[in-house]
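Student: Give me a model of this one.
(one chain, ligands or ions: 2)
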Amino acid sequence: MISVQEALQLTNNHTKRTEKMIRISLSDSLGYIIAQDVISPINMPPFRQSAMDGYALGSVEDKDFTLIGEVKAGDNADPVLKKGEAIRIFTGAPVPDTAKAVIMQEKVQVHHNQLTIEALVLPDTNIRPIGEQIKKDEIALSKGTLVTAAGIGYLATLGITHIDVYQKPAIAIIATGNELVPPGQLLKYGQIYESNSITLSTALNTIGFTDISYFKVEDEYGVTLSLLENTIDQYDVVLISGGISVGDYDFVGKALRALEVDEIFYKVKQKPGKPLFFAKKECTTIFALPGNPASSLSCFYIYVLPALLKISGYTNHDLKRGTAISTTNYAKKGQRAEFLKALVQNNKVTILDGQASSMLKSFALANAMVYLPEEIVEVKTGDSLQIINLP
Ligand code: AMP
Ligand code: MG
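Tutor: Numbers count the residues shown, from 1 in each chain. Ligands and ions are numbered 1, 2, ... in the order given. Okay, here's the model as predicted:
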């Protein structure tokens, strides 16, 4: 059995960024990582732009002007201004080539077509120069940047409609277990509702992974083997839930070994999630997660999520760690490192009731996990604890 630190290190060492790039529509690019520098096709702003509602001045040495016209946003007029002449102008409007500055309307007095300014203004005041934000052919956003709402808006200001990003992995989720039935059906004696697939797929969706296929398999060696063989062949990532423990009807480990996957580790000194299995087969990344709902989701957040982010090109793929002060006492029952469902508010952390690996209620209320390394045996109110923030 390996430690949490070793398991995190091995997961990181054995995942690498995909080589696959796709060109996608800007509107679909949220959460992707840019794979090729995005070059600006235009100067922004594309013309000298007024930053104010006011008056464009033909000279900056004068205080009295004659008004000779008006330019509003969207106009494509370029009136010629001589010394002592001004035009009415509005925010976003093109500033005539011959204008020396724009003065805000609050700083002038107007009588009929005569304008008087209180104080002289410096040349170029309130004029956004061509290419002030970015010039044509400069890099707008570079390779490796995460696409955010602001990033999409920024590229839209440059008229960009498509960008090259790293492809997100195609993910298979396999739920194993004879006892599992889909929500919506009546439970027979001995059955429970299958919840891990929807939990995992929703957690994946939250961080922008949508290429997900679902499979359900009985606890039977032959069908487990053939489903694993097919999915490992066809998907970039295979997430298996359950069947990886030591029971007589746990066939996942046996099948993965029969398929000669490269086993990187099996079993981590942690609670929940001890029987976690991590392997590779050619380009496919395989995680067999323990079936208990809280174990499965804990292992997902701790190991699977950073790996998926790294595969997708994120440089900032590590766990979002922090510290917070405990409001609760807690005594560990065993020696393993523990991940505890917790609620963090204002730098204080409360370890929630109901930490059993079969229970999801505490997870449903949590926004973080407390990480108790092996050497910490108890927590007292006021202790500073390591936390992992959940997305
Ligand atoms: P296993 O890892 O297959 O031994 O399963 C451990 C526990 O988790 C058992 O109580 C299973 O019934 C439960 N379990 C396994 N898979 C799921 C699932 N997909 N949804 C809900 N519970 C599950
Ligand atoms: Mg099972």
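Student: so what's the closest residue to ligand 2 within the stretch 1-150 of the chain closest to, chain neighbours aside?
Tutor: Ligand 2 sits closest to M1 of the stretch 1-150 of the chain, with a gap of 20.6 Å, by Cβ to the ion. Backbone N, C-alpha and C define where each C-beta goes, glycine included. If you skip the residues right next to it in sequence, M1 has K267 as its closest partner in space, 4.5 Å away by Cβ to Cβ, 6 or more residues apart in numbering.
Student: So the residue of the stretch 1-150 of the chain closest to ligand 2 sits against V268, correct?
Tutor: Yes. At 6.7 Å, M1 counts as touching V268 under the criterion of Cβ atoms under 8 Å.
Student: Those two: which is more packed in?
Tutor: Taking other Cβ atoms under 10 Å, M1 and V268 do not tie; V268 has more neighbours (26 against 13).
Student: mind listing what the more buried one touches?
Tutor: Neighbouring residues of V268 by Cβ atoms under 8 Å, 6 or more residues apart in numbering: M1, I2, S3, V4, A7, K274, L276.
Student: ok, which stretches of this protein are helices?
Tutor: Assigned helices in the chain, in chain order: 4-13, 149-157, 196-206, 221-234, 252-258, 293-299, 305-311, 361-365 (criterion: DSSP state H).
Student: from those, which stretch is densest packed?
Tutor: Comparing the helices of the chain by mean neighbour count (mean count of other Cβ atoms under 10 Å), helix 293-299 ranks first with a mean of 26.
Student: what's the offset of that one from the middle of its chain?
Tutor: Mean-position distance between helix 293-299 and its chain equals 21 Å (Cα atoms, centre = their mean, to the nearest Å).
Student: Show me which residues of the stretch 151-300 of the chain are close to ligand 2?
Tutor: Proximity of the stretch 151-300 of the chain to ligand 2 (Cβ under 5 Å from the ion) is limited to residues G177, G242, G243, G291.
Student: same thing but at 6 Å, please
Tutor: If contacts are counted using Cβ under 6 Å from the ion, the residues of the stretch 151-300 of the chain sitting beside ligand 2 are T176, G177, D219, G242, G243, G291.
Student: what is V344 paired to in the beta sheet?
Tutor: V349 (DSSP bridges).
Student: ok, back up a step: keep only the residues of the stretch 151-300 of the chain next to ligand 2 that also lie close to ligand 1.
Tutor: Contacts with ligand 1 are made by T176, G177, G242, G243, G291 out of those, judged by Cβ under 6 Å from any ligand atom.
Student: Contact residues of the stretch 151-300 of the chain facing ligand 1?
Tutor: Taking Cβ under 6 Å from any ligand atom as the criterion, the contact residues of the stretch 151-300 of the chain with ligand 1 come out as 175-177, 179-180, 192, 194-196, 241-243, 245, 247, 250, 290-293.
Student: do that again at 8 Å, thanks
Tutor: When proximity is defined by Cβ under 8 Å from any ligand atom, the stretch 151-300 of the chain lies next to ligand 1 at 175-177, 179-180, 192-197, 199, 219, 241-245, 247, 250, 275, 290-293, 295-296.
Student: Pull out the buried members of the residues you listed.
Tutor: A residue is treated as buried here by neighbour count (16 or more other Cβ atoms under 10 Å); on that basis the buried members of those are 175-177, 180, 194-197, 199, 219, 241-245, 250, 275, 290-293, 295-296.
Student: just checking, which of the residues you listed belong to strands?
Tutor: Of the positions in these, A175, T176, L180, S241 sit in strands, assigned by DSSP state E.
Student: shouldn't K168 be in contact with N205?
Tutor: No. Counting by Cβ under 8 Å, K168 stays clear of N205, with 11.3 Å between them.
Student: tell me the mean pLDDT for stretch 319-339?
Tutor: Averaged across stretch 319-339, pLDDT comes to 96.
Student: For it, measure first residue to last.
Tutor: This stretch, stretch 319-339, spans 13 Å end to end (Cα to Cα, to the nearest Å).
Student: Then stretch 152-169?
Tutor: For stretch 152-169, the first and last residues are 22 Å from each other (Cα to Cα).
Student: And the average pLDDT for it is what?
Tutor: What stretch 152-169 shows for mean pLDDT is 98.
Student: ok, residues contacting that stretch?
Tutor: Contact with stretch 152-169 is made by 17-18, 20-27, 29-30, 32-36, 38, 40-42, 44, 134, 140-141, 147, 208-211, 235-237, 285, 308, 311-313, as judged by Cβ under 8 Å, 6+ apart.
Student: any idea how far it is from the chain center?
Tutor: A distance of 15 Å separates the centroid of the chain from that of stretch 152-169, by Cα atoms, centre = their mean.
Student: Stretch 124-141 too?
Tutor: 29 Å.
Student: try stretch 255-264
Tutor: Relative to the chain's own centre, stretch 255-264 is displaced by 31 Å; criterion: Cα atoms, centre = their mean.
Student: contacting residues around the residue of the stretch 1-150 of the chain found nearest ligand 1?
Tutor: Among the residues of the stretch 1-150 of the chain, M1 lies closest to ligand 1, at 16.8 Å counting by Cβ to the nearest ligand atom. M1 makes contact with K267, V268, K269, K274 under the criterion Cβ under 8 Å, 6+ apart.
Student: For the third one, give me its contacts.
Tutor: It stands for K269. Under the criterion of Cβ under 8 Å, 6+ apart, the contact list for K269 reads M1, I2, S3, V4, Q335, R336, A337, E374.
Student: do the first one as well
Tutor: For K267, the contacting residues are M1, I2, K274, P275, L276, F277, by Cβ under 8 Å, 6+ apart.
Student: The third one: neighbouring residues, count only.
Tutor: The reference is to K274. Applying other Cβ under 10 Å, we find 18 other residues in the vicinity of K274.
Student: Same check on the fifth one?
Tutor: The number of residues packed near L276 is 26, by other Cβ under 10 Å.
Student: phi, psi of it?
Tutor: Its backbone dihedrals place L276 at phi -80, psi 140, with angles given as degrees, to the nearest 10.
Student: pLDDT score assigned to whichever residue of the stretch 51-200 of the chain sits closest to ligand 2?
Tutor: Scanning the stretch 51-200 of the chain for proximity to ligand 2 using Cβ to the ion identifies G177 as nearest, at 4.1 Å. G177 is assigned 98 on the pLDDT scale.
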